[in-house]
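*Asks:* next comes the sequence, and after it the predicted model I'd like to discuss.
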Amino acid sequence: GSTIGMYASQAWRQSPTTYGDGECFLFRVSPNPVVYKWKPGQVHPLAVGDKADRKGNYSTQEAEHHRSLVEQFMFGRANFLGMGGGESCVGLGLNEDMTRGSSGRAEGFQNDPLPGDGATEFEVGLIEVYRLVRQIDGKGVEETGSWGIAMSDSTATSSISADI
């Protein structure tokens, strides 16, 4: 099984637009731990596809489309929440009752699908949500906006814990 997750820089909410910022990240605890931080400088409009003219130039519309994919940090809808945008997938997404998820390559995070072994869809066995509280003043998500979500697939036998 896999233990994967996402760090949200703002509280999750339902919104017609994306929100969050470059402090968001995706991660896998097991197998093979890895963190995928936002990488805005390493992405180029060429990653959008074969939509250039004969001279290799991209239209303003194509550049804007690419920028919007790179800057999709967090999104919450009535039936879905996720982080990271790609051409036809999300970096990590969960359905409305958090029993099923999907993971694909997100342009801004340049991640591999998080479950590993080429899997892009999975069933969730366990979800852990951590509210980060600053020790210095005790402020939590209401004041500072930090959330961490970790999940394990249905075959996992362990969970993660955090001492923050």
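*Replies:* Perfect, thanks for sending it. Numbers count the residues shown, from 1 in each chain.
*Asks:* which residues does Phe80 contact?
*Replies:* Phe80 makes contact with Gly93, Leu94, Asn95, Glu96 under the criterion C-beta atoms under 8 Å, 6 or more residues apart in numbering. To be clear about C-beta, it is placed using only N, CA and C from the backbone, and glycine gets the same treatment.
*Asks:* can you pull the pLDDT of the closest residue to the last one other than its chain neighbours?
*Replies:* Counting by C-beta to C-beta, 6 or more residues apart in numbering, Asn79 is the residue found nearest to Glu96 once chain neighbours are left out, at 4.3 Å. Looking at Asn79, its pLDDT reads 94.
*Asks:* tell me where this protein has helices.
*Replies:* 60-70, 141-144 (DSSP state H).
*Asks:* and stretch 123-139, average pLDDT?
*Replies:* 82.
*Asks:* revised request: answer the last question for stretch 103-116.
*Replies:* Stretch 103-116 comes out at a mean pLDDT of 92.
*Asks:* can you give me the end-to-end distance of it?
*Replies:* Start to finish, the residues bounding stretch 103-116 are 10 Å apart (C-alpha to C-alpha, to the nearest Å).
*Asks:* equivalent analysis for stretch 125-136, please.
*Replies:* 34 Å.
*Asks:* buried ones in that stretch, by neighbour count?
*Replies:* For stretch 125-136, burial by neighbour count (16 or more other C-beta atoms under 10 Å) applies to Gly125, Leu126, Tyr130, Leu132.
*Asks:* narrow those residues to those in strands?
*Replies:* With DSSP state E as the criterion, strands contain Gly125, Leu126, Tyr130 from among those.
*Asks:* ok, the first one touching Gly1?
*Replies:* Yep, that's Gly125 we're talking about. Yes. At 7.1 Å, Gly125 and Gly1 qualify as touching, with contact defined as C-beta atoms under 8 Å.
*Asks:* picking that back up, check the contacts of Phe80 and tell me the two furthest apart.
*Replies:* Greatest spatial distance in the contacts of Phe80: Gly93 and Glu96, 10.9 Å, computed using C-beta to C-beta.
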